[in-house]
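Novice: Quick one: sequence and predicted model below, then my questions.
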Amino acid sequence: MSAGGLVRRGGGEEGDRLPVVLIHGALRSRAGLWPTAWYLRRFGLDARPFGYDTRGATLAEHGASLERFVEAWQAERPFRRIGILTHSMGGLVARAYLARPSAVAQCDEQRLVMLAPPNQGAWLAAKMRGFRPFHWLYGAAAEELQPERASRLPPPPPSARVLILAGGALRGDVGLLSRIPGNNDGLVRLAETALPGIEPVLVGGSHSVLQWRREVLKRAIDFLAQVGEAAAG
């Protein structure tokens, strides 16, 4: 079923609209997700961008901050089901949040859509680890994007349903940036987006614009609006 068929444009009453947290990537801000939030709201989702300091804090601190963000939202209107739409490093922030037992207790079900997430860290970050300008630019994120750091994050809990949408080349094994081995979206390798038991869906294209592509967002909306075990995948 299409996005327009799953949820009414404009939504219903505020309390009936699925809350969806939008989480940006490294060196981005919540302002860059306002167009994405606007688009999701057209389909009846209560989408709100979450901002975090990618340069100045750890994933654990970002996860705690996101928990407080959700808690404040629930104080406005109670809900027991939440959607999460992430781009790039935002996927690691969502996983850090879901690793917190108190955060998981906030809702009975989480539906998580990850766009180009470096779930296994980033080969490019590892390659540039000793390059000082990389650390100056990315700050704390330079370490948080390392493969060994990402490997310490647990997989999403059983209460979470997960969809991974990945960029890259739609044909062949060579990605958008030839210096990165294997298929990649210019920053993250296709293989790096996977989670145990969850393979990415290749939608193709560049890493930096996935969160604004209408066809990608429609797939995300379809997934977010579903309910229950049978809808997962």
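Specialist: Thanks, I have it.

Novice: Now Gln120. Its backbone dihedrals?
Specialist: Dihedral pair for Gln120: phi -110, psi 20, per degrees, to the nearest 10.

Novice: Excluding chain neighbours, what is closest to it?
Specialist: Sequence neighbours aside, Glu192 is the residue nearest to Gln120 in space, at 4.5 Å (criterion: Cβ to Cβ, 6 or more residues apart in numbering). In this view, the C-beta of every residue, glycine as well, is placed from N, C-alpha and C.

Novice: got it, and Gln74?
Specialist: Nearest non-adjacent residue to Gln74 (Cβ to Cβ, 6+ apart): Gln106, at 6.7 Å.

Novice: could you measure the residue nearest the centre of the chain against Asp173, distance?
Specialist: What sits nearest the mean C-alpha location of the chain, by Cα atoms, centre = their mean, is Thr86, with 1.9 Å. Going from Thr86 to Asp173 by Cβ to Cβ, to the nearest Å gives 26 Å.

Novice: sorry, back to before: then the residue nearest to the centre of the chain would be within a strand, right?
Specialist: Yes: read with DSSP: H, G, I helix; E, B strand; the rest coil, Thr86 is one of the residues of a strand.

Novice: Excluding residues flanking it in the chain, which one is nearest Met128?
Specialist: Phe134 is the one closest to Met128 (Cβ to Cβ, 6+ apart), at 4.2 Å.

Novice: same question but for Ser102, I mixed them up
Specialist: In space, Ser102 is closest to Glu67, 6.5 Å off (Cβ to Cβ, 6+ apart).

Novice: which residues does the one you found contact?
Specialist: 97, 100, 102-103, 106 (Cβ atoms under 8 Å, 6 or more residues apart in numbering).

Novice: Buried ones only from these, please, as a ChimeraX command.
Specialist: Buried subset of the contacts of Glu67, written as a ChimeraX selection, criterion 16 or more other Cβ atoms under 10 Å:
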select :97,100,103,106
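
Novice: quick one: low-confidence parts of the chain?
Specialist: The chain contains residues with pLDDT under 70 at 1-15, 227-233.

Novice: Just the helices from it, written as ranges.
Specialist: All helices of the chain, identified by DSSP state H, fall at 3-6, 34-42, 59-76, 90-98, 101-104, 123-127, 132-138, 141-144, 147-150, 214-225.

Novice: okay, now Ser60: neighbour count?
Specialist: Careful, residue 60 is Ala and not Ser. 14 (other Cβ atoms under 10 Å).

Novice: and the nearest residue to it once chain neighbours are set aside, how many neighbours?
Specialist: Once flanking residues are discounted, Ala60 sits nearest to Ala96: 5.9 Å by Cβ to Cβ, 6+ apart. Ala96 has 24 neighbours, counted by other Cβ under 10 Å.

Novice: What of Asp16?
Specialist: 11.

Novice: Distance-wise, check it relative to Ala225.
Specialist: For Asp16, the distance to Ala225 - Cβ to Cβ - is 12 Å.

Novice: now do Leu195
Specialist: The value you get for Leu195 to Ala225, if Cβ to Cβ is used, is 22 Å.

Novice: residues touching the closest residue to Ala160 other than its chain neighbours, list them.
Specialist: The shortest distance from Ala160 to any non-neighbouring residue, by Cβ to Cβ, 6+ apart, is to Gln110 (4.3 Å). Shown in contact with Gln110 (Cβ under 8 Å, 6+ apart): 81-84, 98, 104, 156-157, 159-161.

Novice: filter those residues to the buried ones?
Specialist: Buried members of the contacts of Gln110, scored by 16+ other Cβ under 10 Å, are 82-84, 98, 104, 156, 160-161.
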